[in-house]
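A.B. asks: next comes the sequence, and after it the predicted model I'd like to discuss.
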Amino acid sequence: MQILLASKVSGPEFDVWVPALQQALPEHSIVTEVTAENCADIEVAIVYQPLKNTLSALPNLRFFHTLSAGINGILEDSSIPTEIPFARLADPAMADTMAETALMLTLMAHRNALGYIQQQHNSVWQALPQTPAADVTVSILGLGNMGIKTAKLIAGIGYPTLGWSRRQKTLDTINCLSGNDGLLEILHQSDIVINLLPLTTETEGLFNKETFEKMKSTATFINLARGGHVVEEDLLSALNEGTLKHAMLDVFNVEPLPADHAFWHHAKVTILPHIAAITDPKTASAVVAQNITAFLRGDPVAHIVDRSREY
């Protein structure tokens with residue numbers, strides 16, 4: 001069977017996907033173009049930011065799989081037939097990487113790493129306050145694969161850890177809350193807030209003026225999910241007015257972040273270039289191959305997207 005790898009992205013960084021997927025799916029042929037000769041034969045596709053109308057040109061397409069955890073571009077593409085089931089990428093290796101990044105930033109915020117960096121620039125030798133981890137409450141918003149892995153890693157080194165999700169969950173060592181009242185409670189209690197929520201109609205712009213005002217003025221906000229979760233003007237105002245202590249951001253409304261954006265040189269903002277959990281072709285291809293094989297066998301497929309929930 002021919003399996004289409006559909007993407008508008010090109011270049012050396014993306015070219016590694018063809019051999020990786022081919023190795024993971026040796027009984028099939030990975031193709032990167034739709035032609036008059038093969039369009040009717042393609043029943044399965046693998047997609048990453050596909051060009052509009054690519055999937056609609058496949059009359060016998062039965063299933064497709066994304067190469068990213070985020071699916072907003074897919075849901076917003078009206079050319080993709082909504083009756084075709086698809087799965088999103090949920091690679092355990094990505095969850096490990098995301099958890100490591102979240103822990104790194106948590107430690108930086110907790111142990112005043114940014115303050116010491118600034119002191120070095122100013123040739124200042126001075127000890128800053130050192131608060132025990134047991135006195136620093138960290139919250140994880142979003143308890144999917146990445147959120148659970150992150151919460152367990154952070155709780156494992158002694159931070160009181162809270163978790164929030166749309167639907168109530170139960171996790172060992174994690175105090176899990178849900179609903180609007182649970183979110184309000186988390187924001188009031190947390191010293192560090194880490195966003196790992198999916199971007200949906202419900203969560204878009206969730207972090208705005210009202211939300212920041214509910215957080216501690218000494219809190220650090222870490223966004224590792226999607227730029228669309230944050231009203232950037234409101235975040236800047238919260239930082240400038242002292243409503244919020246610091247923001248650590250890996251994702252933005254416009255990427256790459258424009259060179260003239262206020263975040264770049266803001267003393268209370270730490271920027272990462274969307275690298276919190278870079279997809280590894282080898283491990284991700286194995287996950288995709290397992291799901292495609294399950295679909296073709298008629299077995300249950302993991303992480304099928306529920307369009308009504310937007311994830």
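C.D. replies: Structure's in. What do you need?
A.B. asks: ignoring the adjacent residues along the chain, who's closest to Ile80?
C.D. replies: Spatial nearest neighbour of Ile80, chain neighbours left out: Leu55 (5.1 Å); criterion: Cβ to Cβ, 6 or more residues apart in numbering. (Each C-beta comes from the backbone N, C-alpha and C, glycine too.)
A.B. asks: Asp77 too?
C.D. replies: Lys52 (6.0 Å).
A.B. asks: isn't that neighbour right up against Gly73?
C.D. replies: No - counting by Cβ atoms under 8 Å, Gly73 is not a contact partner of Lys52; they are 9.9 Å apart.
A.B. asks: can you count the residues close to the residue nearest to Asp77?
C.D. replies: Neighbour count for Lys52, taken as other Cβ atoms under 10 Å: 12.
A.B. asks: quick one: the residue nearest to Ile80 from Ala127, how far?
C.D. replies: 58 Å (Cβ to Cβ, to the nearest Å).
A.B. asks: settle it for me: which of those two has more neighbours?
C.D. replies: Leu55 (23 against 8).
A.B. asks: wait, what's in contact with the more buried one?
C.D. replies: Leu55 sits next to Ala6, Ala45, Val47, Leu61, Phe64, Ser79, Ile80, Pro81, Ile84 when contact means Cβ atoms under 8 Å, 6 or more residues apart in numbering.
A.B. asks: distance of it from Glu43?
C.D. replies: 12 Å.
A.B. asks: equivalent analysis for Pro281, please.
C.D. replies: On the measure of Cβ to Cβ, Pro281 and Glu43 end up 23 Å apart.
A.B. asks: quick one: common contacting residues for Leu55 and Glu43?
C.D. replies: Contacts common to Leu55 and Glu43, judged by Cβ under 8 Å, 6+ apart, are Leu61.
A.B. asks: all helices for the protein, in order.
C.D. replies: Assigned by DSSP state H, the helices in the chain fall at 12-15, 17-24, 72-76, 92-110, 113-121, 145-155, 179-189, 209-213, 232-241, 281-297.
A.B. asks: list the buried residues for the shortest one?
C.D. replies: The one in question is helix 12-15. Phe14 (16 or more other Cβ atoms under 10 Å).
A.B. asks: from the contact counts, what lies against that helix?
C.D. replies: Helices and strands touching helix 12-15, as assessed by 3 or more Cβ pairs under 8 Å, 6 or more residues apart in numbering; DSSP states H and E, are absent.
A.B. asks: hmm, who's touching that helix?
C.D. replies: Outside helix 12-15, the residues that reach it (Cβ under 8 Å, 6+ apart) are Ser7, Tyr48.
A.B. asks: could you export that helix as PDB, CA atoms only?
C.D. replies: Output of helix 12-15 as PDB, limited to C-alpha atoms (Å, rounded to 0.1, in the frame of the first residue of the first chain):
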ATOM      1  CA  PRO A  12      16.600  18.900   5.200                       C
ATOM      2  CA  GLU A  13      14.900  18.900   8.600                       C
ATOM      3  CA  PHE A  14      11.700  17.400   7.100                       C
ATOM      4  CA  ASP A  15      13.500  15.100   4.700                       C
END
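A.B. asks: how far does it sit from the chain's center?
C.D. replies: 21 Å (Cα atoms, centre = their mean, to the nearest Å).
A.B. asks: which of the helices of the chain sits most buried?
C.D. replies: Highest mean neighbour count among the helices of the chain (mean count of other Cβ atoms under 10 Å): helix 145-155, with a mean of 24.
A.B. asks: distance check, the residue nearest to Thr131 when sequence neighbours are not counted against Pro132.
C.D. replies: Nearest residue to Thr131, sequence neighbours excluded (Cβ to Cβ, 6+ apart): His110, at 6.8 Å. Distance of His110 to Pro132, given as Cβ to Cβ: 9 Å.
A.B. asks: select only the buried ones of the contacts of Leu55 in PyMOL?
C.D. replies: Buried members of these, defined by 16+ other Cβ under 10 Å, are picked up in PyMOL with:
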select buried, resi 6+45+47+61+64+80
